[in-house]
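Student: Coordinates only, no sequence provided:
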């Protein structure tokens with residue numbers, strides 16, 4: 001962990017952010033964007049230590065403190081410990097970005113890998129809940145909690161029933177948590193993301209032509225476009241935004 005501190009007047013200077021699953025894709029882009037606005041950033045990773053450490057070096061080069069902590073998002077105990085460790089080692093936690101996620105295709109009526117489906121629920125929902133509950137105990141006034149949902153929560157495809165259910169659950173939890181934490185001026189929001197060019201869903205994948213066809217803009221999004229929305233929700237400009245689902249999906253849910 002670097003001891004370098006930011007001395008700029010950027011909007012997020014002095015804030016500490018945790019981005020789960022921050023070693024690649026949307027998570028890494030969000031970590032970079034938050035650091036560019038002055039936040040000290042911690043990322044979590046499950047397996048890719050080399051990738052995570054490379055991201056940390058990029059963040060430190062922006063003049064902020066950064067670190068990578070290993071934690072399995074499917075294990076609520078590890079997620080809770082992750083949040084508490086960040087708050088203890090960095091002295092505070094102001095921004096939580098629940099980014100880590102998995103997608104399992106499993107048509108209803110077909111073969112069922114129950115272990116894979118259970119892990120999907122644990123990563124996409126139970127781990128997010130654990131992170132939010134732990135963060136709520138250590139965040140001060142003005143805290144920001146941002147979770148990744150999906151347009152598939154409202155408009156789904158064959159084979160995606162179980163994945164869609166996890167993302168719909170995030171919508172409900174976000175709205176209710178916003179009510180619980182509003183009196184403490186902690187905002188809780190979610191991003192309803194569309195088809196984004198990542199390792200999990202590359203823009204040249206088997207279903208990419210179909211995915212492009214269902215959104216209004218007719219293209220895949222970039223991780224940096226999701227990161228821009230994360231920065232907005234984490235910023236002072238979003239102080240009156242809570243319990244919201246911000247669609248960044250190219251019009252797929254329109």
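Tutor: Yes, it's here. Source: prediction; values computed, not measured.
Student: what about residue 26, distance to residue 81?
Tutor: Residue 26 sits 23 Å away from residue 81, taking C-beta to C-beta, to the nearest Å as the criterion. The way it works is simple: take the backbone N, C-alpha and C, and place the C-beta from them, glycine included.
Student: How about residue 154?
Tutor: 33 Å.
Student: What of residue 252?
Tutor: 36 Å.
Student: neighbour count winner among the two?
Tutor: Neighbour count, other C-beta atoms under 10 Å: between residue 252 and residue 81, residue 252 has more, with 24 against 15.
Student: Find the nearest non-adjacent residue to that one, please.
Tutor: Once flanking residues are discounted, residue 252 sits nearest to residue 215: 3.9 Å by C-beta to C-beta, 6 or more residues apart in numbering.
Student: since we're on that neighbour, how many residues are nearby?
Tutor: Residues near residue 215, counting by other C-beta under 10 Å: 19.
Student: Name the single longest helix found in the protein.
Tutor: In the chain, taking DSSP state H as the definition, the longest helix is helix 161-181.
Student: Can you tell me the strand partners of the next helix-or-strand element following it and which way each runs?
Tutor: Note on helix 161-181: by DSSP states H and E, the next helix or strand toward the C-terminus is strand 187-193. Strand 187-193 pairs in its sheet with strand 144-150 (parallel), strand 245-248 (parallel), by DSSP bridges.
Student: give the contact list for residue 186.
Tutor: 136, 139, 141-145 (C-beta atoms under 8 Å, 6 or more residues apart in numbering).
Student: again, only using 6 Å
Tutor: 139, 143 (C-beta atoms under 6 Å, 6 or more residues apart in numbering).
Student: Distance of it relative to residue 150?
Tutor: In terms of C-beta to C-beta, residue 186 sits 23 Å off from residue 150.
Student: ditto for residue 51
Tutor: 23 Å.
Student: next one: residue 106
Tutor: Counting by C-beta to C-beta, the separation of residue 106 from residue 150 is 16 Å.
Student: Among the two, which residue is more densely surrounded?
Tutor: Neighbour totals were compared for residue 106 and residue 150, and residue 150 leads with 29 against 18 (other C-beta under 10 Å).
Student: quick one: that one from residue 166, how far?
Tutor: Separation of residue 150 from residue 166 (C-beta to C-beta): 9 Å.
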